[in-house]
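Q: Here is a sequence with its predicted model. Questions after.
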Amino acid sequence: MKYRRLGRTGLHVSVVGVGAWQFGGEWGKDYTQPEVDAVIGAARDHGINLIDTAECYGDHLSERLVGEAVKGEREQWVIATKFGHHYNDRFDRDYLWSASDVQVQLEDSLRALQTDYVDLYQFHSGGDDVFDNEELWTMLQKQVEAGKVRNLGISIANTISVHQAESALKVGARALQVVYNRLDRQPEEAVFPAALRDDLGVLARVPLASGFLSGKYRPGATFDATDVRSRREREQVETALREVDAIRRTELPDGVEMAAWALAWCLRHPAVTCVIPGCKNPEQVSANAAAVELVADGHPQEVSG
């Protein structure tokens, strides 16, 4: 495994992390604790040390499963979680962003994770109207001073807010999270310049484009009704699948797995610290970790393990 400094946080994180949305049960599968233990165990074996989750992934369910999986070895892990959405909102409404409610969300997350601190606590895909809340950020800074939060971050919504990236230092955030992959390169112009200028760590979420870049799907593929991908317009899905098929034919080197190539593609950018793909089983963890073999040395954030 290779490691990079997560910007101003000073944390040394593996270039491949574990995204934990799937543990909340919205990707067509409900997880048992032994299954999550196996995924986290495989990550540990590969030198992965960062897990990214959120309070709304199954109403703290993902956090509870992660917390139990890392119990007894908390100091070995960098745990990132988020605030701002309640599970039943399904990301459709931005509300409950008040300082008092977010403080309750934090306490609930700490209990679920079975820890007394979060390494990275992230504003989760809210609009600029709820982001510009001095009371909220003042309360969060007090949580940093109290030791319950080690670092603040901003997980920017799919509809990228340049304002939030530019305002990170003003609100005390030291890291950004964005959707970034071969199919979605918006952050290169909208976010990465601010990250590089202000030394902000960057977590690239959805680096496999919701699995489209995993190499498993061809044009015409469909998804079960319990899978969040089934909510997308059919033409949108088919367009993505056709683009991936073209990438497979024209960009993927011979003998290289598409998932590993897609993750390494993200990690080549000087602003990107870590990719956080979802992992449904230990085999996917191993496939994701293989991306390290394709990552060149000399990245500006690279550190020794």
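A: On my side now, so go ahead.

Q: the strands in the stretch 1-150 of the chain, which residues?
A: 3-5, 12-14, 18-19, 50-52, 78-83, 120-124 (DSSP state E, counting those that start in this stretch).

Q: meant to ask about the stretch 151-300 of the chain
A: With DSSP E, counting those that start in this stretch as the criterion, the stretch 151-300 of the chain has strands spanning 152-155, 173-179, 201-205, 274-276.

Q: could those strands go into a markdown table alongside mean pLDDT and distance to residue 242?
A: For every residue, glycine as well, the C-beta is placed using N, CA and C. Below are the strands of the stretch 151-300 of the chain laid out as a markdown table (pLDDT from 0 to 100; distance: least, CB to CB, whole Å):
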| stretch | mean pLDDT | distance to residue 242 |
| --- | --- | --- |
| strand 152-155 | 98 | 29 |
| strand 173-179 | 98 | 20 |
| strand 201-205 | 98 | 23 |
| strand 274-276 | 98 | 24 |
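
Q: So which of those strands has the densest surroundings on average?
A: Across those, averaging neighbours per residue (mean count of other CB atoms under 10 Å) puts strand 274-276 on top, at a mean of 28.

Q: just checking, what packs against that one?
A: Strand 274-276 makes packing contacts with strand 50-52, strand 201-205, helix 258-267 when contacts are defined by 3 or more CB pairs under 8 Å, 6 or more residues apart in numbering; DSSP states H and E.

Q: what sits up against it?
A: Taking contacts as CB atoms under 8 Å, 6 or more residues apart in numbering, the residues outside strand 274-276 that touch it are 4, 6, 13-19, 50, 52, 177, 201-205, 207, 263, 266-267, 288, 291.

Q: ditto for stretch 122-139
A: Applying CB under 8 Å, 6+ apart, the external contacts of stretch 122-139 come out as 54, 56, 80-85, 91, 94-95, 97-100, 102-103, 152-158, 161, 163-164, 167, 171-173, 175, 177.

Q: Please type out the ChimeraX selection for whichever of those turn out to be buried.
A: Those of those that meet the burial criterion (16 or more other CB atoms under 10 Å) are gathered into one ChimeraX selection, given here:
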select :54,56,80,81,82,83,84,85,94,97,102,103,152,153,154,155,156,157,161,164,167,171,173,175,177
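
Q: And the most far-flung residue of the chain relative to its centre, its phi and psi?
A: Among residues of the chain, the one most distant from the C-alpha centroid is residue 254; the distance is 28.8 Å, by CA atoms, centre = their mean. Main-chain torsions, residue 254, degrees, to the nearest 10: phi -60, psi 140.

Q: shaky segments in the protein?
A: Within the chain, the segments meeting pLDDT under 70 span 87-95, 217-233.

Q: now do 50
A: Along the chain, the parts satisfying pLDDT under 50 run over 91-92, 94.

Q: Now distance to residue 241 too, for the strands of the stretch 1-150 of the chain, in TSV please.
A: Below are these laid out as TSV (distance: least, CB to CB, whole Å):
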stretch	distance to residue 241
strand 3-5	32
strand 12-14	30
strand 18-19	21
strand 50-52	26
strand 78-83	29
strand 120-124	28
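
Q: where exactly do the helices run in the stretch 201-305 of the chain?
A: When assigned using DSSP state H, counting those that start in this stretch, the helices of the stretch 201-305 of the chain occupy the ranges 234-250, 258-267, 282-289.

Q: Any buried residues in the longest one, and which?
A: Under the neighbour-count criterion of 16+ other CB under 10 Å, helix 234-250 has 237, 240, 241, 243, 244, 247 buried.

Q: Could you give the number of residues near the closest residue to residue 275 other than its chain neighbours?
A: Of all residues beyond its chain neighbours, the one nearest residue 275 is residue 207 (4.1 Å), with distances taken as CB to CB, 6 or more residues apart in numbering. The burial metric for residue 207, expressed as a neighbour count using other CB atoms under 10 Å, is 30.

Q: I'd say residue 207 and residue 277 touch.
A: Yes - at 5.3 Å, residue 207 counts as touching residue 277 under the criterion of CB atoms under 8 Å.

Q: tell me, what's touching the two both at once?
A: If you check residue 207 and residue 277 against CB under 8 Å, 6+ apart, the residues they both contact are residue 263.

Q: in stretch 36-44, what counts as buried?
A: Along stretch 36-44, these residues count as buried under the neighbour rule (16+ other CB under 10 Å): 36, 37, 38, 39, 40, 42, 43, 44.
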